[in-house]
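S.K.: the sequence and its predicted three-dimensional model are supplied below.
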Amino acid sequence: MSIRQPIAVFLCIAMAIALLWSVALLSISAVALVFFAVTDIQIEPLKIKWLLTPKAIRSSIREKPYLWSFTLFFLLYLGSVMYAGNISEWWSLTHMKIVFLIIPMAFAFLKPFSRKEYMLVVVSMILMTFWSSIWVQVAYFQNYYLFNTSLGFGGSLPTPTGHIRYSVIIAICMILSISFALEKMSIKYAWERWVYGLLGLYFFYFLHILSVRTGIAVGYAGLLLLVFFYLKRMKVWLRAGIVLMIILFPFIAYHTIPTFNQKINYSLYDLKQFNLGDGENYSDAERWQSWRAGIEVGNQHPFFGTGTGHFRSALKDYYKTNFNRDSFERPHNQFINVFTLFGLFGLTIFIFILIYPMTFKMFWSPPWIPIIFIMQILSMMVEHPLDVTVGTSLFLLISLLGLSYQSGESSEGRGA
């Protein structure tokens, strides 16, 4: 009996939990996952077989190209060594992208995840997220006045990981929970459906307590997509209820949830200051400045970008020359980041990586998996999640796990 698949499921659970707990565990779990994926360990009798051969890789690429396509992002960084110039700078940006090689490889060599295996991983993340949200609220209510004041000046609540990534995780858990309730999915008991439904409503409420605009935006986008995908399957009263909630709840939250009220007021003030030309020290203005810097630096090298060796120095020079600042910000947009680094060539490859899995019919069923994938792409419009460990791990784990599960469901459907 091979223990490869059970160990892989355990390591994926560890990664799902580590998203909110330990960056070190994320890295350790990823390395361990690829090791056990390419090493077949059997017991009774004990037998160990190395599976990573050129023939096996070629066969896997033919069978699961939608998983291997994610490795192109790592190859983009690897190939840029040819014009990096500064090798130490190239390596400092490239070594973080090795996960785009090892995690897709791991899922490509493993068997498709079954429904139960998929749910064990995802529900682990949901439960850990729920538990963490309790402690975030405890900290908030213990210092109620302090945090409400801080939010009015662009601050955030204390979160177990970066507040923007945390808010996206909350939004994803909300969509997963609601979808599991709609699909009547469970690991063991039928009553789990009601638990998932209640968790979905709770995460929707908690998004407004957290009041991180990125999380709220992708959360509402996910709900709209959910209504669209389930349009024919939802009863009229349920569709109307969700749409009414999407329309009315922001107004209710503004008048009843202090954190949400403060964040909206700060956003309006930030915009006003930017329009007056005095927004340099405000978060939205910094984001817009970073977009401008990334685009203008990228336009100086439109075809192949600055390259990884000159990326930081080019941005630093731009900020010094145009904003008279010694510090600089990476563009708060994943697409602009890629354009600045690799030009139109790299941007084309990056867009292909995102679109290619969508060309497979299985990608669109079950509905919540493409919804979550699209939500993460939307978050890339205002942040660069693939340049931080938690954002990269979340994107790869949830996307590849979903594709693996879908491929298994699709094969069973064809077999039936």
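M.R.: Here it is on my side, so go on.

S.K.: for the host helix or strand of W135, name the packing helices and strands.
M.R.: W135 belongs to helix 115-142 when elements are defined using DSSP states H and E. Counting contacts by 3 or more C-beta pairs under 8 Å, 6 or more residues apart in numbering; DSSP states H and E, helix 115-142 packs against helix 4-18, helix 163-183, helix 192-210, helix 389-415. Where C-beta positions appear, they are placed from N, C-alpha and C, glycine not excepted.

S.K.: hmm, try it at 6 Å
M.R.: helix 4-18, helix 163-183 (3 or more C-beta pairs under 6 Å, 6 or more residues apart in numbering; DSSP states H and E).

S.K.: sec struct for G305, please.
M.R.: coil (DSSP: H, G, I helix; E, B strand; the rest coil).

S.K.: sorry, back to before: tell me what angle the helix holding W135 forms with helix 192-210.
M.R.: Angle, helix 115-142 to helix 192-210, by axes from the mean of the first three to the mean of the last three C-alpha atoms, to 10 degrees: 40 degrees.

S.K.: any buried residues in helix 115-142, and which?
M.R.: Buried residues in helix 115-142, counted by 16 or more other C-beta atoms under 10 Å: 117-126, 128-130, 132-133, 136, 140.

S.K.: that helix vs helix 163-183, what angle?
M.R.: 130 degrees.

S.K.: gap between the very next helix or strand once past helix 115-142 and the chain center?
M.R.: Note on helix 115-142: by DSSP H and E, the next helix or strand toward the C-terminus is helix 144-151. With C-alpha atoms, centre = their mean, to the nearest Å as the basis, helix 144-151 stands 28 Å off its chain's centre.

S.K.: and if you look at stretch 326-344?
M.R.: With C-alpha atoms, centre = their mean, you get 18 Å for stretch 326-344.

S.K.: same check, this time on stretch 72-90
M.R.: 24 Å.

S.K.: go on, stretch 237-245?
M.R.: 27 Å.

S.K.: now do the buried residues in stretch 35-43.
M.R.: 36-38, 40.

S.K.: just name the most buried of the helices and strands packed on helix 115-142.
M.R.: Comparing the helices and strands packed on helix 115-142 by mean neighbour count (mean count of other C-beta atoms under 10 Å), helix 163-183 ranks first with a mean of 24.

S.K.: now that helix: average pLDDT?
M.R.: For helix 163-183, mean pLDDT rounds to 94.

S.K.: ok, now stretch 44-61?
M.R.: The model assigns stretch 44-61 a mean pLDDT of 89.

S.K.: change the start of the numbering to 3 and stick with it
M.R.: Okay, residue one is now 3; in that scheme the one you just asked about reads as stretch 46-63.

S.K.: give the buried residues for that stretch.
M.R.: So for stretch 46-63, counting by 16+ other C-beta under 10 Å, buried means 59, 62.

S.K.: again, but for stretch 88-97
M.R.: Buried, per 16+ other C-beta under 10 Å, within stretch 88-97: 91-92, 95-96.

S.K.: next one: stretch 332-349
M.R.: 332-345, 348-349.

S.K.: quick check: the farthest pair among those residues?
M.R.: H334 and G345 (19.4 Å; C-beta to C-beta).

S.K.: pLDDT weak spots in this structure?
M.R.: Applying pLDDT under 70 to the chain picks out residues 154-156, 268-286, 412-418.

S.K.: for V40, see how far away the residue in it sticking out farthest from the centre is.
M.R.: For the chain, the largest distance from the centre (C-alpha atoms, centre = their mean) belongs to P47, which lies 41.0 Å off. Per C-beta to C-beta, to the nearest Å, P47 is found 21 Å from V40.

S.K.: let me know how buried F111 is, in neighbour terms.
M.R.: 22 (other C-beta atoms under 10 Å).

S.K.: does it really touch T41, like I thought?
M.R.: No: with contact defined as C-beta atoms under 6 Å, F111 does not reach T41; the gap is 9.4 Å.

S.K.: could you export stretch 310-317 as PDB, CA atoms only?
M.R.: The C-alpha coordinates for stretch 310-317 follow below in PDB (Å, rounded to 0.1, in the frame of the first residue of the first chain):
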ATOM      1  CA  THR A 310      15.100  41.100 -12.400                       C
ATOM      2  CA  GLY A 311      18.600  42.500 -11.800                       C
ATOM      3  CA  HIS A 312      17.600  46.200 -12.400                       C
ATOM      4  CA  PHE A 313      14.000  46.200 -11.300                       C
ATOM      5  CA  ARG A 314      14.500  47.700  -7.800                       C
ATOM      6  CA  SER A 315      17.200  50.100  -8.800                       C
ATOM      7  CA  ALA A 316      15.100  51.400 -11.700                       C
ATOM      8  CA  LEU A 317      12.100  52.000  -9.400                       C
END
